[in-house]
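Asker: fold the following, please.
(one chain, ligands or ions: 1)
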Amino acid sequence: MKLALTPAQSAFRDEVRAFLRDRLPTTLASKVRRGAAVNKDELIVWTRILNARGWAAPHWSVAHGGTGWSLVERHLFDVECRLAHAPALSGFGFNMVGPAIIRYGTDAQRARFLPAIRNADLWWCQGYSEPQAGSDLASLRTRAVRDGDEYVVTGSKIWTSGAEDADWIFALVRTDDTVTPQRGISFLLIDLTTPGIAIEPLYAFNGKRLWNQVYFDDVRVPIENRLGEENAGWTVAKRLLGDERLMVSRVAENRRLLSRVVEILGSETADGQPLADTATFARKVAALTIRLEALQMTSLRLLSEADRGGVIGAEPSMLKLKGSELVQALDELIFEAIGYWVMPKDRGITGNELPIGPDYAEYVASASYHHRGYTIAGGSSEVQHNIIAKEVLGL
Ligand SMILES: Cc1cc2nc3c(=O)[nH]c(=O)nc-3n(C[C@H](O)[C@H](O)[C@H](O)COP(=O)(O)OP(=O)(O)OC[C@H]3O[C@@H](n4cnc5c(N)ncnc54)[C@H](O)[C@@H]3O)c2cc1C
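Answerer: Have a look, this model is predicted:
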């Protein structure tokens with residue numbers, strides 16, 4: 001892999017930049033820049049702007065409204081969007097169930113769901129984890145029993161992010177408990193307005209509704225809403241993780257955060273000197289920048305390899321681990337620089353009280369609390385370490 005972009009890649013990046021300059025609403029970018037929460041209506045507006053340009057689902061196959069971009073182009077697009085402070089689209093539809101429907105769906109499912117996801121008409125959430133099944137997901141117990149041309153679903157899903165905004169949930173359910181755990185699981189698409197579903201909020205330690213618990217009490221789901229074959233849900237879920245696992249490095253997000261760090265350290269002073277010019281902070285910024293460069297190079301190396309048709313093994317576990325840890329390290333540096341502004345008020349909780357301190361301090365606490373989950377969600381760091389030890393290092 002060459003470290004410089006090719007002329008075609010540079011031209012592509014410039015085209016993306018120009019589009020973002022023209023079409024990204026400034027009010028939205030300003031909210032994202034400050035770290036304020038973007039609500040569903042705002043995200044719908046941005047999704048539809050991207051969809052009108054054909055860029056809402058860059059990674060989908062062209063036949064289903066994707067772009068046909070290479071992985072490196074997708075990476076460049078992602079980085080430019082983050083640097084311009086565009087909000088990330090809802091991953092559940094675009095990155096998870098959408099690609100799964102493309103691969104495993106029937107024509108009817110594709111026609112019904114894919115255009116609706118691209119245009120943000122349908123919102124999804126992910127029903128995998130259960131009170132007794134997280135890292136050991138295959139031990140899930142929510143049951144789906146066939147009754148005529150329907151399944152009757154009973155059980156509960158936990159840590160379901162975004163269920164309060166979602167129209168549908170894609171869920172792993174047990175359809176056979178006489179076989180080994182992975183072989184008795186099916187993948188269902190469930191309309192959240194179906195009778196028998198209750199959604200209860202779960203609050204994080206900072207008082208925010210970060211998740212939900214979703215209860216299913218004799219919920220009737222048409223068999224036509226199963227994705228893939230009965231008892232093949234584990235394969236669908238694994239493939240779904242596989243499709244997106246190369247994009248887990250959070251390089252774009254880390255670059256956005258690092259630019260924030262530089263802005264803050266340039267503005268805050270100690271003894272009349274910008275923090276950026278002090279040896280302590282300069283050394284820490286340099287160390288984090290080097291970590292980010294290494295992450296980006298490793299990520300681009302793997303993406304280029306995949307673009308060339310190479311086989312990628314468990315290496316993305318390294319990207320997930322390093323990318324999520326780097327976000328948290330950048331958060332820590334911001335706290336070190338402006339913790340005294342950040343801690344007294346987390347505006348996300350206190351709502352209508354005026355923030356104190358500079359505007360860049362306003363949402364630092366809530367963002368950082370949210371980022372704590374990055375080393376757990378999508379497979380905890382310990383689990384990533386296990387995978388790397390076994391499959392990359394051969395231990
Ligand atoms: C912000 C956030 C959002 C989430 N959103 C969703 C969502 O939308 N939908 C959904 O289905 N789930 C979601 N989850 C749940 C997430 O997938 C689980 O939290 C995760 O899989 C871990 O499962 P657990 O919480 O049950 O922890 P456990 O699996 O019980 O793990 C507890 C601890 O033990 C460690 N551990 C477990 N197994 C091993 C092992 N074999 N070796 C070494 N250590 C081990 C873990 O690393 C962890 O530290 C979300 C989680 C977070 C934090």
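Asker: what's near enough to touch residue 295?
Answerer: Going by Cβ atoms under 8 Å, 6 or more residues apart in numbering, residue 295 touches 249, 251, 254, 319, 322-323, 326. Using the backbone N, CA and C atoms, a C-beta is placed for each residue, glycine as well.
Asker: let's see if you can find the most crowded of these.
Answerer: When neighbours are counted by other Cβ atoms under 10 Å, residue 249 leads these with 28 neighbours.
Asker: roughly how far apart are that residue and residue 315?
Answerer: 10 Å (Cβ to Cβ, to the nearest Å).
Asker: what sits closest to residue 184 if chain neighbours are left out?
Answerer: Excluding the flanking residues, the one nearest residue 184 by Cβ to Cβ, 6 or more residues apart in numbering is residue 176, at 3.4 Å.
Asker: how about residue 340, secondary structure?
Answerer: Judged by DSSP: H, G, I helix; E, B strand; the rest coil, the three-state class of residue 340 is helix.
Asker: next, count neighbours for the nearest residue to it once chain neighbours are set aside.
Answerer: Among residues not flanking residue 340 along the chain, residue 357 sits closest, at 8.0 Å (Cβ to Cβ, 6+ apart). Other residues near residue 357 number 15, with proximity taken as other Cβ under 10 Å.
Asker: so residue 357 is in which element?
Answerer: In this structure, residue 357 sits in neither a helix nor a strand according to DSSP states H and E.
Asker: now pLDDT and secondary structure too, for the contacts of residue 295, in a markdown table please.
Answerer: Formatted as a markdown table, the contacts of residue 295 follow (pLDDT from 0 to 100; DSSP: H, G, I helix; E, B strand; the rest coil):
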| residue | pLDDT | secondary structure |
| --- | --- | --- |
| 249 | 87 | coil |
| 251 | 90 | helix |
| 254 | 94 | helix |
| 319 | 92 | helix |
| 322 | 95 | helix |
| 323 | 96 | helix |
| 326 | 98 | helix |
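Asker: nearest to the ligand among those?
Answerer: Among the contacts of residue 295, residue 323 lies closest to the ligand (Cβ to the nearest ligand atom), at 14.8 Å.
Asker: in which helix or strand does the residue nearest to residue 184 reside?
Answerer: For residue 176, there is no host helix or strand (DSSP H and E).
Asker: roughly how far apart are residue 360 and residue 260?
Answerer: From residue 360 to residue 260 the distance is 7 Å (Cβ to Cβ).
Asker: to clarify, my last question referred to residue 191.
Answerer: Counting by Cβ to Cβ, the gap from residue 191 to residue 260 is 39 Å.
Asker: what's the answer for residue 178, then?
Answerer: Separation of residue 178 from residue 260 (Cβ to Cβ): 53 Å.
Asker: those two: who's more crowded?
Answerer: residue 260 (19 against 6).
Asker: so what touches the top strand by length along the chain?
Answerer: As assigned by DSSP state E, the longest strand anywhere in the chain is strand 209-222. Strand 209-222 is contacted from outside by 125, 127, 142, 144, 147, 149-161, 163-164, 169, 188, 190, 192, 194-204, 370, 373, using Cβ under 8 Å, 6+ apart.
Asker: next SSE after it?
Answerer: By DSSP H and E, the next helix or strand past strand 209-222 is strand 226-227.
Asker: what are the boundaries of the strands in the stretch 151-300 of the chain?
Answerer: 168-174, 185-191, 197-203, 209-222, 226-227, 269-270, 273-274 (DSSP state E, counting those that start in this stretch).
Asker: appreciated, that's everything.
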